[in-house]
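Colleague: Quick one, structure for this:
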Amino acid sequence: MRLVVEATSFLKIANLCAELEKTTKKKEKTHLISNFLHELREDEIAPAIFLIIGRVFPESDQRVLEVGWRTLWKIGEGRGKQASLVSSPLTILQVHRYFEEIASASGKGSRKKKEALLSSLFSQANSVEAEYLARIFAGEMRIGVNEGMMLEAIAEAAGVDLELVRKSHMMLGDIGEVALKALKAGASGLQRVDVQLFKPIKPMLAEMSYDLKEVFEKHGGETAFEYKFDGARIQIHKKGYEIKIFSRRLTDVTESLPDIVELVRKKIRADEVLLEGEVIAIGVDEKPLPFQDLMRRFRRIHRIEDTVKRIPLKLHLFDVVYLEGKSLVDMPYRERWNILTQVCEKELLADRIVTNSVFEAEKFLKKAMDAGHEGLMAKALNSVYTPGVRGKLWFKIKPAEHLDLVIIAADWGYGRRTGWLSNYHLASRDEETGEYLVVGKTFKGLTDEEFKEMTERLQALKVSENQYTVYVRPRIVVEVAYNEIQKSPHYMSGFALRFARITRIREDKSPLEADTLNRVKDLYKKQFEHKAELV
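Modeller: Predicted coordinates for the structure are as follows:
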């Protein structure tokens, strides 16, 4: 890349974002970003990358801004009443440093410190800069640029193969570092990237399937089935006595899981190893607790000893991707499993069968469900480990529950869904009051044509709106598949659907025929026939 000496102004990012927002053409967006990356100094590349996609830190960085819309509005109101005292323009690095200071403010007086920093930042910004600063704080850029498109732009800017850029991102989990390596050293800088202990990699992902025959067909007639646990996926990095555990979002959760750390020290027969598995919370008779209860334990960093006793965890391992200095990602799954059985105790392995029989698979699925788990994972025996990639080498098989719910509001979409009402507020009717109370939101399940049609129908039912949401008369009923019902303090109904998606529009049903809140409550209670309940 060419040598850039002068600091780049934040206004250039704001102007770029405005240009990106104007076009829906993917190639044009990619080209705009690619050209912009060449204008940056080396130390500006990573911060700029994150700011454009509406983030500040890499996924593995646990720092959070904790700035809400109310605070932003308050600062915005104050900004309008004062003139900027600073004549020099904001630079990308100055903005990034402000974000770092805001994220690091904690303890007594942190709110006032955050507000003072915000006031200082926004007082130096013009109206265009302020608009995109607010969007970054909100995590909603609405310019149609995600990580995937950014990786394409990095590949174009560096003149390297896109697949090499993607693979490096999967291994590093830090798009800013990928961009810096690619722009600084080209393909040679990325070809050296591989699995490294204590650097979390993106987990391999699976497609959803509801048809066992499809699974066998895609996997050549025989496949491995493992229990699909209702837990938290983790990767365990071990080198000698040192152990670190990362979440599926690449966050270091070692402090929250001292019992799992100790278990690994005692039960894993390897000096250097990277393992993948799932932890579940267990209750009475070692039945799994709901995912929501596990998260209480997973996020805990204070008074861990008490929580370990109250919410014990169980570890299930299902893969190994690094062993004694060697990456195993290009090794077939059947061989990785064999290695896994050699380095860990049998009791830690996920329940698993290898079969070519639909009947055997159905029996195993029932066994998993009866044990309180989500369903099954199906893994092609020859599948290599592809970090961060979702495909048909792995399938999730989860029997879904369904509810008929009423749309009472919808949010305007962004990116590909710009111009459509596409995030639907789903409600059930409280029989006592007659109110429709939200039990979840989803933008999944409809085709583009259905999004367009639904937008027109909802606009005709509008009763009020704000900048982001249109509130409508309760008239449209949709069938919604979901994985689990959780208790929720965020919705007046007291419940929230996990992994909700619309499966069809129920033109044959009126809102009065939709499922009631009592039905939601009954289904919530029914879940505990196979799960434990935290007392």
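
Colleague: Could you identify the helix or strand that succeeds the least confident helix or strand in the chain by mean pLDDT?
Modeller: Among the helices and strands of the chain, helix 69-79 carries the lowest confidence by mean pLDDT, DSSP states H and E, at a mean of 70. Per DSSP states H and E, helix 69-79 leads on to helix 92-104 as the next helix or strand towards the C-terminus.

Colleague: buried sites along that next one?
Modeller: Burial within helix 92-104, assessed by neighbour count using 16 or more other Cβ atoms under 10 Å, is assigned to 92-96, 98-99, 102-103. All C-beta atoms are positioned from the backbone trio N, CA, C, and that covers glycine.

Colleague: just for the chain, where's the confidence low?
Modeller: In the predicted model, the chain carries pLDDT under 70 at residues 1-5, 69-70, 76-87, 299-301, 508, 535.

Colleague: Pick out the residue closest to the middle of it.
Modeller: Centroid-nearest residue in the chain: R249, 6.7 Å away (criterion: Cα atoms, centre = their mean).

Colleague: What number of residues are in the vicinity of the closest residue to it other than its chain neighbours?
Modeller: Leaving aside its sequence neighbours, R249 sits nearest to E59 (Cβ to Cβ, 6 or more residues apart in numbering; 5.7 Å). The number of residues packed around E59, counting by other Cβ atoms under 10 Å, is 18.

Colleague: where does E59 land in three-state SS?
Modeller: Classification of E59 by DSSP: H, G, I helix; E, B strand; the rest coil places it in coil.

Colleague: Mind putting the buried residues of helix 92-104 into a markdown table with distance to I304?
Modeller: Putting those into a markdown table (distance: Cβ to Cβ, whole Å) gives the following:
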| residue | distance to I304 |
| --- | --- |
| I92 | 39 |
| L93 | 37 |
| Q94 | 38 |
| V95 | 36 |
| H96 | 33 |
| Y98 | 33 |
| F99 | 30 |
| I102 | 28 |
| A103 | 24 |
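
Colleague: Among these, find me the one that's closest to I268.
Modeller: The nearest member of the buried residues of helix 92-104 to I268, counting by Cβ to Cβ, is A103 at 34.5 Å.

Colleague: quick revisit: in contact with the residue nearest to R249: list those residues for me.
Modeller: Residues counted as contacts of E59 (Cβ atoms under 8 Å, 6 or more residues apart in numbering) are 173-174, 249-251.

Colleague: ok, 7 Å please
Modeller: Going by Cβ atoms under 7 Å, 6 or more residues apart in numbering, E59 touches 173, 249-250.

Colleague: next one: phi and psi at it?
Modeller: E59 adopts backbone torsions of phi -60, psi -40, taken as degrees, to the nearest 10.

Colleague: Same check on E324?
Modeller: Reported as degrees, to the nearest 10, the phi and psi values for E324 are phi 50, psi 50.

Colleague: For the closest residue in space to it that isn't next to it in sequence, name its beta-bridge partners.
Modeller: Leaving out its chain neighbours, the residue that sits closest to E324 by Cβ to Cβ, 6+ apart is E272, at 5.2 Å. Under the criterion DSSP bridges, E272 forms beta bridges with K239.

Colleague: name the helices or strands packed onto the lengthiest helix in the chain?
Modeller: Taking DSSP state H as the criterion, the chain has its longest helix at helix 175-191. Packing partners of helix 175-191 (3 or more Cβ pairs under 7 Å, 6 or more residues apart in numbering; DSSP states H and E): helix 42-52, helix 147-158, helix 162-172.

Colleague: so which of these gets nearest L461?
Modeller: Comparing the helices and strands packed on helix 175-191 against L461 with Cβ to Cβ, the closest turns out to be helix 147-158 (34.1 Å).

Colleague: Which strands and helices lie in contact with that closest one?
Modeller: Using 3+ Cβ pairs under 7 Å, 6+ apart, helix 147-158 is in contact with helix 26-37, helix 162-172, helix 175-191.

Colleague: so the last one versus helix 162-172, what angle?
Modeller: Here helix 175-191 points in a direction 120 degrees away from that of helix 162-172 (axes from the mean of the first three to the mean of the last three Cα atoms, to 10 degrees).

Colleague: After helix 175-191, which helix or strand is next?
Modeller: Heading C-terminal from helix 175-191 (DSSP H and E), you reach strand 205-209.

Colleague: contacting residues around that next one?
Modeller: Strand 205-209 has contacts (Cβ under 7 Å, 6+ apart) with 215, 377, 389-392, 394-397.

Colleague: try it again with 10 Å
Modeller: 214-215, 218, 228, 248, 375-379, 386-398, 400, 499, 501 (Cβ atoms under 10 Å, 6 or more residues apart in numbering).

Colleague: Narrow the residues you listed to those that are buried.
Modeller: Among these, those classed as buried by 16+ other Cβ under 10 Å are 215, 218, 228, 248, 375-379, 386-388, 392-398, 501.

Colleague: Could you identify the helix or strand that succeeds the host helix or strand of T455?
Modeller: Here T455 sits within helix 448-460, counting by DSSP H and E. Later in the chain than helix 448-460, the nearest helix or strand by DSSP H and E is strand 462-465.

Colleague: I'd like to know which elements that next one is packed against.
Modeller: strand 401-412, strand 469-472 (3 or more Cβ pairs under 10 Å, 6 or more residues apart in numbering; DSSP states H and E).

Colleague: Work out for me the element the nearest residue to M331 once chain neighbours are set aside sits within.
Modeller: Excluding the flanking residues, the one nearest M331 by Cβ to Cβ, 6+ apart is V384, at 6.8 Å. Using DSSP H and E, V384 sits in no helix or strand.

Colleague: Can you give me the distance of V384 to K167?
Modeller: Per Cβ to Cβ, to the nearest Å, V384 is found 12 Å from K167.

Colleague: any shared contact partners between the two?
Modeller: With Cβ under 10 Å, 6+ apart as the test, V384 and K167 both reach V329.

Colleague: So for those two, which sits in the more crowded spot?
Modeller: Neighbour count, other Cβ under 10 Å: between V384 and K167, K167 has more, with 21 against 15.

Colleague: Verify the stated contact: that one with D194.
Modeller: Yes: taking contacts as Cβ atoms under 10 Å, K167 lies within contact range of D194: 9.5 Å.

Colleague: sorry, back to before: helix/strand/coil for the residue nearest to the centre of the chain?
Modeller: Counting by three-state DSSP, the backbone at R249 sits in coil.
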